[in-house]
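*Asks:* Turn this into a structure:
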Amino acid sequence: MKNLGHGTNNVAEWSGLIWATVWAKDNGILKCTILGDSKLVICQALRQWKINKPELAALAEQYWIVAQGMEIELRHVRREFNLAGIFLEHGTL
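*Replies:* This next block holds a predicted model:
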């Protein structure tokens with residue numbers, strides 16, 4: 001994975017959602033469930049919460065464009081249940 005530089009945790013969470021959506025679409029997966037431990041990003045992506053920061057609004061637009069034609073269920077999980085996130089952070093479960 002390439003180094004994306006510096007950014008906020010919210011930018012990282014949005015980038016992860018976009019990456020997962022692009023990966024699914026590129027692999028022919030048009031119906032899926034994506035779990036995320038950022039309630040902010042999940043609720044913003046579902047258009048339940050307002051997006052105040054322009055950089056996050058731009059990422060949201062990018063996600064909505066990529067997600068067109070897909071049936072995606074977004075689900076929030078608490079951090080301690082996000083095994084992929086734990087593995088990425090610590091290198092082990």
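*Asks:* low pLDDT regions in this protein?
*Replies:* Where the chain drops to pLDDT under 70, the residues are 1-6, 80-93.
*Asks:* Could you say which helix or strand holds the residue most central in space within it?
*Replies:* With distances taken as CA atoms, centre = their mean, residue 17 lies nearest the centre of the chain, 1.9 Å away. Assigned by DSSP states H and E, residue 17 belongs to helix 9-26.
*Asks:* Which SSE is immediately downstream of that helix?
*Replies:* Note on helix 9-26: by DSSP H and E, the next helix or strand toward the C-terminus is strand 31-36.
*Asks:* Partner strands of that following strand, with direction?
*Replies:* Using DSSP bridges, the strands paired with strand 31-36 are strand 71-76 (parallel).
*Asks:* Give me the contact list for the partner strand.
*Replies:* For strand 71-76, contacts defined as CB atoms under 8 Å, 6 or more residues apart in numbering pick out 17, 21, 24, 30-39, 42-43, 45-46. Placement of C-beta: from N, CA and C, glycine included.
*Asks:* buried set for the helix holding residue 17?
*Replies:* By neighbour count on 16 or more other CB atoms under 10 Å, the buried set for helix 9-26 is 10-11, 13-18, 20-21, 24-25.
*Asks:* wouldn't residue 70 be in contact with residue 20 here?
*Replies:* No. Counting by CB atoms under 8 Å, residue 70 does not reach residue 20; the two are 11.2 Å apart.
*Asks:* Buried only: go through the contacts of strand 71-76 for me.
*Replies:* 17, 21, 24, 32, 34-38, 42, 45.
*Asks:* burial of residue 64, as a residue count?
*Replies:* When counting by other CB atoms under 10 Å, one arrives at 13 neighbours for residue 64.
*Asks:* The one 4 residues further on now?
*Replies:* Using other CB under 10 Å, residue 68 has 7 other residues around it.
*Asks:* now it: how far from residue 16?
*Replies:* Using CB to CB, to the nearest Å, residue 68 is found at 19 Å from residue 16.
*Asks:* Could you do residue 50 as well?
*Replies:* Noted for residue 50: a distance of 21 Å to residue 16, by CB to CB.
*Asks:* wait, what's in contact with the residue nearest to residue 70 when sequence neighbours are not counted?
*Replies:* Spatial nearest neighbour of residue 70, excluding adjacent residues (CB to CB, 6 or more residues apart in numbering): residue 30 at 5.0 Å. Contact partners of residue 30, counting by CB under 8 Å, 6+ apart, are 24, 69-71.
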